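Chemist: Need a 3D model of the following:
(3 chains)
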Amino acid sequence: MKPAPFEYFAPTSLDEAVTLLEAHGEDAKVIAGGQSLIPLMNMRLATPKYLIDINKIEGLDQIREVDGHLEIGALNRHYMIASSPLIQKKCPLLAEAVNHVAHRQVRYRGTFGGSVAHADPAAEFPTVVTALDGEIKLVGPDGERWTKPEEFFMGYLMTTIEPNEILTEIRVPVTPAGSGFSVYEFARKENYFAIAGAVCVLSAEGDRVEQLALGLLGVSPAPVKPREAEELLRGHVFSDKRVEEVAKSVMESVEPDSDLHASEAYRREMAGVVTKRALQAAFSMAIKGGQG
Amino acid sequence: MEGRDRWVSKSIERLEDDRLLRGRGQFIDDLKPFPNMYHAAILRSPHAHARIKDIDVEKALSMPEVVSVLTGQDVAQLSRPFIVTGPKDMEYYSCAIDKVRYVGEPVAVVVAKDRYSAEDAAGLIEVEYEPLPAVVDPEKALLPDAPVLHEQQGNNLVMDRVYTYGDVDGAFAEADVVVKERLLFPKYASYPNETYGVIANYEEDSDRLTAYCNFHGPYSMHPVMAMALNTPANKLRIIVPPDVGSSFGVKITSYPYVVLICLAAKKAGVPVKWTEDRMESLMASSSAVDRVAYVSMASKKDGTFLGLDMDVLDNVGAYMRAPEPGCVLRYLGNLTGPYQIGAARMKARIAVTNKSLTGPIRGYACQHLYFGIERVVDRLAKELHMDPAEIRRKNLIMPDQFPYKTLSGGVYDAGNYPAAFEKLLEMGGYEALLEEREKARKEGRLFGIGLALGVDPSGSNMGYMQMALPAKARKRPMSGSAQATTIQIDHGGAVTVELSTVCHGQGHETVVAQVVADELGVSPYSINVVGGMDTSLRSWTISTGTYSSRFATVSASSAALAARKLLEKMRKIAAHLLDAEPEDIVKEKESFALKGTEKRLPFRAIAAAAHWDTQALPEGMEPGLSATYFFGAAPATRGEGDQINSSVAYGFGADLAVVEVDPETFQVNVLGYYSVHDAGTILHPAIVETQVKGAALHGIGAALYEELMYDENGQFLNSTYADYICPGINETPKMVTDHVETPSPLNVLGSKGIGEASSQTAPVVIANAVEDALEPLGMKIDRLPLSPHFLWSLKKSKGA
Amino acid sequence: MEELGNNSRHAIQLKVNGINYQLEVEARRLLVDVLRHDLGLTGTHVGCEQGVCGSCTVMLNGQAINSCLMFAVQANGTEIKTVEGLAQGYELHPLQKAFKQQHALQCGFCSPGVLLNSLDLLQKNPQPDEAEIKEGLSGNMCRCGGYDNIVKAIKEAASELAGKKAE
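Modeler: Below is the predicted model:
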């Protein structure tokens, strides 16, 4: 399994990269970590004629807190997300998500921006960004634009990123201190492609849920933020009954696929199961005052 | 040999490890045996079933990096179909000729400067296919309107035989209880980390083909390859490097690719290297059969087994490829497992369908057999309200019955099944587990215990192949299981051992060194053990190699016997030099002494005499100290009628699994896996322990994760490790193993094979445990793998 | 049939096991292939070309990565350690010694990848517990003997390395 031939470029500036993308259009592909792209290229399922390697571009790996948000550069490797003290403190769900991403070797190379741009609905980062109502920055020949996850993620491996654009940064809101969070995934094998997963961050006042962000992965063509389901719990007392209702609502709002590992019906039911388990774990953490 | 300072049965540090840990191993893809090697890529069929109307290789040939392209037409001209025991009207070549019959079947081979360009060129070959309807289910393949794979054959049934032992109908008629189950076993494989590799070179002047590869036997495939290549067998030189990255049987069927790449080299006129990639391996290397089986057990109401009746239908894929139909023959001798059963019958049918081809994998066919037997034993226990341990205990062959002749001609050499079983139950804490299950059920948890017992056959008898045909159709008798070892003692007394076992991870260099060290009284680390294989240089015969766990059963003893041959010669030399009779010479640790005197000669002095002073040798004795011993295992006898001792020796395995099933996701968590084995004398405890654990993990893979899946149209669905799931470190349960050692009387070491062990019983023990766990839900398990989705669907359909 | 793109060739520099190499490679050559075939360092193995089995794991700039998921051209200017660089001359690295003593290998095909990943694990977490070791090795497949002895070997190497540090 060897890749098809291509011309390789390693631009050192965003401008240069964008110019190259403009010039080569649909025949070009951006490579960052390559942990999702290279397997596809090795199988010749992806055969870009021009590969634009953005790893040498400076200034795309910042992690900053600005105005109640974290601005995270696209070239942050997964392990950097996990080990960043700022992210651990201010957006712990993101750091936790890394623990579920593939394995050690992949986490050293794979990037946050790359994972979001790749848009695998069973991946963790696209769903976390969606759940948190984050914002995605794209840079093209006409400058930069910001977009929201529900506009960005179109379907399986499909986004609204133009052929001449590069994803450079993602903004997520800072998580209130003392929040509980959880990533609950169900896969055939540890950290394998999830059959269903839920990500959740919530803050509680006593046993009343104040803020809640929920996201589902692996159960729809794109990451799911089940707003109606969130409404059922936000502002209410946490109870098993409530959680059941949330799970039921989630099950109704997803559009799962059937594949080798699971039928549509099974995925739908699992969407409910992972939601319940994620909520319970997040709530337990919240009432203890957040992560230990 | 004195009992002190024995090396065998100690877990010494392995001779192989240094080079492997330093990255200095020599695996096939590491080799550059020819300076001007070119590289091959195989174009494979995207269709499950189609006629090849045309192949246009012009564009591929126009690439400057490309040397040649081999197509099916070339293969039809240059080679003959592979021999297989059975179907006369089925032609299997190493490449598709006018038709493709499975996704992944080779269609052409490009030879180019490097693998990358070769794949580019393969993508430029234009093949015109006329797709045909496909069939993948073996039962559907036998329906009158099924698509026929081999027109000359006329239908898809390539074997249909009944093996009857004893009065089966009578046994069933007199039974108090009969249980019958329809059971399905999935198509899966125990893939090794290293894939197939071949480096072939053709020398036109001498008409000699040399193929480096990682084919490890049985070398009965050597004549099969030579005949296919139209090459005299002595002109087909197979060389295997000393390091092979495991196989678990899968590399046994690399031989068609050896032929294919030899043909590519012949046509190209240059040495050609091909390394299989992972997609090719999953798509088109080898796997076990998928099986539909109807299994019945007749018993008295006290649980005494009276008869076993099996109707099995095996799917060998698009062609029956040797060594199939081993899928129904390998276990003939141990057809009734560890139990005393008065009558047994197996109706064995084999179908071809548009799936990839099958062959031996770890456990080869025994996992299919024991899935049948141990499932109906559990079913019977339920019917009779007997404890599953009790019903098994009741029917075991007893220690005083050995050697035990089975109904089907097997001869179990040694064993103490009840002792091993009791050891298992104690080790696993069976009684405590029963209590724990009670408690768990009260809490609404799905907790289950499973048991499985199996006879572990080792050292396949070449004669079993004949059993594919009815007795009158067998043309010539076949029998045997032999292995040679050559030992040389040089002029200074240093020892070199030449193997032809073709080791692939089992530590043969180490164990043979231990064996020879014990015999000769030297340190194993002083011995130069030469692994690998070379059909032009090593001593070998058609049963040579490592497969069916035969190293401990046959090969290790050939090393001991070669050493003894040399000792005999040295004794004679010592006697001659000391002016005495050989009977009066005693071997001490490092010398030969004349009994009752102070006269002795050091080992080194004898060796020196044999080389430096040949005049000193007895009259008529050959100079030098070199011996080859071909150990032929006596039990590998010819079959009689349908009775055959299909394996040389038989071990025993008893497994216990504890599982808990998540009541919402239906994911199975194996809480503990316990296993007790009897493989006779254990030659190296640490190696054996890792073998047992590794084998159990393969079986757990089959039980819970691994299945090669096809859609109705024969499209292969899981061609990467993303979709073909193998258990990793986090899926490996806690495993506890132990042994009972009943030495085998069949060889000088008393040892038997352990390479397959729990791969044969793990699939069914997990099935038994899961069914037990799901008892409160009343669900029955009749197939594998037990994926969460499958169990959930089962529950849903039950509730419907 | 889609037309193939052009191959671009690039001059790169790799420092592998302390030795500097100047190479010219096609952009699409995988790092593992360049290590194995251009530099003759065949200790690193290819098992899946998908980043699942871990046989190709090497250390790159101090991090254990899958060399089948990187183009050699991307590794330009980096420092790489392969299994051949573990031992100091004839002296085996504590990990290698421990693997041998604990019988943590059978066929040895996965071993170089396991060794390099373990090295990385111990450099970042010198005293990992069993759960951390298992988590750390989820990207390495061994099909021969299970993982128990590998875990034991890593623990033993961790002790020895800690002891050495104390000296």
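
Chemist: can we go C-alpha only for contacts and neighbour counts from here?
Modeler: Noted.

Chemist: Whatever residue of the stretch 101-250 of chain A ends up closest to chain B in helix, strand or coil?
Modeler: The nearest approach of the stretch 101-250 of chain A to chain B comes at residue A:190, 6.4 Å away (CA to the nearest CA). Secondary structure, DSSP: H, G, I helix; E, B strand; the rest coil: residue A:190 is coil.

Chemist: Count residues in the vicinity of it, would you?
Modeler: Neighbourhood size, residue A:190 [other CA atoms under 10 Å in any protein chain shown]: 20.

Chemist: I'd say it and residue B:731 touch.
Modeler: Yes: with contact defined as CA atoms under 8 Å, residue A:190 reaches residue B:731; the gap is 7.4 Å.

Chemist: Please state the offset of the longest helix seen in chain C from the chain centre?
Modeler: Of all segments of type helix in chain C, defined using DSSP state H, the longest is helix C:148-166. Taking the mean of its C-alpha atoms, helix C:148-166 sits 18 Å from the chain's own mean (CA atoms, centre = their mean, to the nearest Å).

Chemist: Now the longest strand that chain A contains: average pLDDT?
Modeler: For chain A, the strand that runs over the most residues, judged by DSSP state E, is strand A:194-205. For strand A:194-205, the mean pLDDT works out to 96.

Chemist: could you say which helix or strand contains the residue in the stretch 501-650 of chain B that chain C sits nearest to?
Modeler: Of all residues in the stretch 501-650 of chain B, residue B:505 sits closest to chain C, at 3.4 Å by CA to the nearest CA. Using DSSP states H and E, residue B:505 is not contained in any helix or strand.

Chemist: so it makes contact with residue B:242?
Modeler: No: Residue B:505 is beyond contact range of residue B:242, at 9.8 Å (criterion: CA under 8 Å).

Chemist: So which of these two has more stuff around it?
Modeler: Per other CA under 10 Å, whichever of residue B:505 and residue B:242 has more neighbours is residue B:505, with 24 against 21.

Chemist: Contacts only, for residue 46.
Modeler: Since no chain was named, I'll use chain A. Neighbouring residues of residue A:46 by CA atoms under 8 Å, 6 or more residues apart in numbering or on different chains: A:37, A:40.

Chemist: My question was about chain C, not that one.
Modeler: Going by CA under 8 Å, 6+ apart, residue C:46 touches B:194, C:32, C:55, C:56, C:68.

Chemist: buried set for stretch C:17-29?
Modeler: C:23, C:25, C:26, C:27, C:28, C:29 (16 or more other CA atoms under 10 Å in any protein chain shown).

Chemist: show me which of those neighbour chain B.
Modeler: Applying CA under 8 Å from any CA of the partner chain to the buried residues of stretch C:17-29, one finds that nothing falls near chain B.

Chemist: Inside strands: which ones of those?
Modeler: For those, secondary structure assignment (DSSP E) places C:23, C:25, C:26 in strands.

Chemist: circling back to that earlier point, what average pLDDT does the longest helix of chain C get?
Modeler: pLDDT averaged over helix C:148-166 gives 92.

Chemist: With stretch C:80-92 instead?
Modeler: pLDDT averaged over stretch C:80-92 gives 96.

Chemist: okay, the residue nearest the centre of chain C: pLDDT?
Modeler: Centroid-nearest residue in chain C: residue C:58, 2.7 Å away (criterion: CA atoms, centre = their mean). We have a pLDDT of 98 for residue C:58.

Chemist: distance of it from residue B:180?
Modeler: 54 Å (CA to CA, to the nearest Å).

Chemist: Equivalent analysis for residue B:22, please.
Modeler: Distance of residue B:22 to residue B:180, computed by CA to CA: 55 Å.

Chemist: and the two? which has more neighbours close in?
Modeler: A count of neighbours by other CA under 10 Å puts residue B:22 above the other of residue B:22 and residue B:180, at 23 against 17.

Chemist: Verify the stated contact: that one with residue C:90.
Modeler: No: Residue B:22 is beyond contact range of residue C:90, at 9.6 Å (criterion: CA under 8 Å).

Chemist: pull the CA atoms of stretch C:97-117 into PDB?
Modeler: Presented in PDB, the C-alpha positions along stretch C:97-117 are these (Å, rounded to 0.1, in the frame of the first residue of the first chain):
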ATOM      1  CA  LYS C  97      17.800  -6.700  28.800                       C
ATOM      2  CA  ALA C  98      14.500  -6.800  30.600                       C
ATOM      3  CA  PHE C  99      12.700  -8.100  27.500                       C
ATOM      4  CA  LYS C 100      15.200 -10.900  27.300                       C
ATOM      5  CA  GLN C 101      15.000 -11.800  30.900                       C
ATOM      6  CA  GLN C 102      11.200 -11.700  31.000                       C
ATOM      7  CA  HIS C 103      10.700 -13.500  27.800                       C
ATOM      8  CA  ALA C 104       8.800 -10.600  26.400                       C
ATOM      9  CA  LEU C 105       9.200 -11.700  22.700                       C
ATOM     10  CA  GLN C 106       8.600 -14.700  20.500                       C
ATOM     11  CA  CYS C 107       9.000 -13.900  16.800                       C
ATOM     12  CA  GLY C 108      10.400 -10.500  17.500                       C
ATOM     13  CA  PHE C 109       8.600  -8.700  14.700                       C
ATOM     14  CA  CYS C 110       6.700  -6.300  17.000                       C
ATOM     15  CA  SER C 111       9.600  -6.000  19.400                       C
ATOM     16  CA  PRO C 112      11.400  -3.000  17.900                       C
ATOM     17  CA  GLY C 113       8.200  -1.000  17.900                       C
ATOM     18  CA  VAL C 114       7.300  -2.000  21.400                       C
ATOM     19  CA  LEU C 115      10.800  -1.200  22.600                       C
ATOM     20  CA  LEU C 116      10.800   2.300  21.100                       C
ATOM     21  CA  ASN C 117       7.300   3.000  22.400                       C
END
